[in-house]
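K.L.:
Give me a 3D structure for the following:
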Amino acid sequence: MKRTKQEWKEINDRIMYGLRPTQFPVAMKFIKTQEEFDAVPDICYCENKASVCKLISMAAYFQETFGLTRDHFSGPYCAINNGCMAIDQDYLDGSILYRKPPPWHHEQEDAKKHIAENVKLLPETPYEGIVCSSLSNCDIEEADVISLQLPTQAAFHLLAGYVENDYEKLYFPFSGESNCADTWMYTMKTGKPGVSLGCRGDRATGALQFGEVRVTMTIDALLKALDGMETVEKNGIGYPYNPVCLYKNQF
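P.N.:
Numbering: from 1, shown residues only. Below you'll find the predicted structure:
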């Protein structure tokens, strides 16, 4: 469903007033053709090397729209992990996780197992790139994923809203480095909410702060969660949670 800037702004305000996050939420669009890039107005392309974590952070901070093409990723690991470059043997061998500094695994076999899990989330045909736009001033009409940077309490409240009706227990994978596999790539593949505790990459280049987590959702899932949040609050469970008492009548 296509949405106007005003409609995105209304969703943005529900998030900002309801959850009080430290950064504006960001719409993500995975681009398949150059024509799709050209259709996004007011896009600013990254001219230097960048990660998707950084792209999200820039969109949130500057409240603008940024595009990252295949040629400007910070490296092949980031590009392949985000579905924007063809898988090669070096990636499958887990080289960046095992041989190149800083190594995340002592044994290559563990690195290869790690990569094998990431591969399950990748598209059959690589994307041309990714566009990120702040919901406060969104230039993307149809978003694939919404990325949120939330304090842990806010993440709990949002997800509690998601399960308020049509209940299903949620499970979140932990694959290690990087955030992308457990959040936006997981959401793209499954349609389910993704949560990451915050990998080194997202904290180093994406400005994810101490005590915050990354949450990703489709727009339909996000709206379901926001509606559930409002129902929970009408029932008397306000946010943020008061550390002294649970309900007003306890004062």
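K.L.:
Strands of the stretch 151-251 of the chain, start to end?
P.N.:
194-196, 212-217 (DSSP state E, counting those that start in this stretch).
K.L.:
quick one: contacts for Ala221?
P.N.:
Counting by C-beta atoms under 8 Å, 6 or more residues apart in numbering, Ala221 touches Tyr162, Gly191, Lys192, Pro193. The way it works is simple: take the backbone N, C-alpha and C, and place the C-beta from them, glycine included.
K.L.:
On the pLDDT front, check it for me.
P.N.:
In this model, Ala221 is scored at 98, pLDDT.
K.L.:
quick one: it from Ala160, how far?
P.N.:
From Ala221 over to Ala160 the distance is 14 Å, taken as C-beta to C-beta, to the nearest Å.
K.L.:
Kindly report the same for Val145.
P.N.:
Taken as C-beta to C-beta, the span from Val145 to Ala160 is 21 Å.
K.L.:
And for Leu122?
P.N.:
31 Å.
K.L.:
for Asp166, same thing?
P.N.:
Here Asp166 is placed at a distance of 13 Å from Ala160 (C-beta to C-beta).
K.L.:
now Val215
P.N.:
From Val215 to Ala160 the distance is 12 Å (C-beta to C-beta).
K.L.:
Which one's more surrounded, those two?
P.N.:
Under the neighbour definition other C-beta atoms under 10 Å, Val215 and Ala160 were set side by side, and Val215 has more, 27 against 15.
K.L.:
residue boundaries of the helices in this protein?
P.N.:
Applying DSSP state H to the chain gives helices spanning 5-19, 34-38, 52-62, 76-81, 89-92, 95-98, 108-119, 152-162, 179-182, 184-190, 200-205, 219-234.
K.L.:
Tell me which residues are up against stretch 123-130.
P.N.:
Outside stretch 123-130, the residues that touch it by C-beta under 8 Å, 6+ apart are 28-34, 36-37, 52, 55, 67-70, 82-86.
K.L.:
Mind giving me the PyMOL select for the residues you listed, buried ones only?
P.N.:
Remark: buried members of the contacts of stretch 123-130, expressed as a PyMOL selection using 16 or more other C-beta atoms under 10 Å:
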select buried, resi 28+29+30+31+37+52+55+67+68+69+70+82+83+84+85
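K.L.:
Might you specify the subset of the contacts of stretch 123-130 located within strands?
P.N.:
Those of these mapping onto strands are Met28, Lys29, Phe30, Ile31, Gly67, Leu68, Thr69, per DSSP state E.
K.L.:
What pLDDT is listed against Tyr247?
P.N.:
Listed pLDDT for Tyr247 reads 57.
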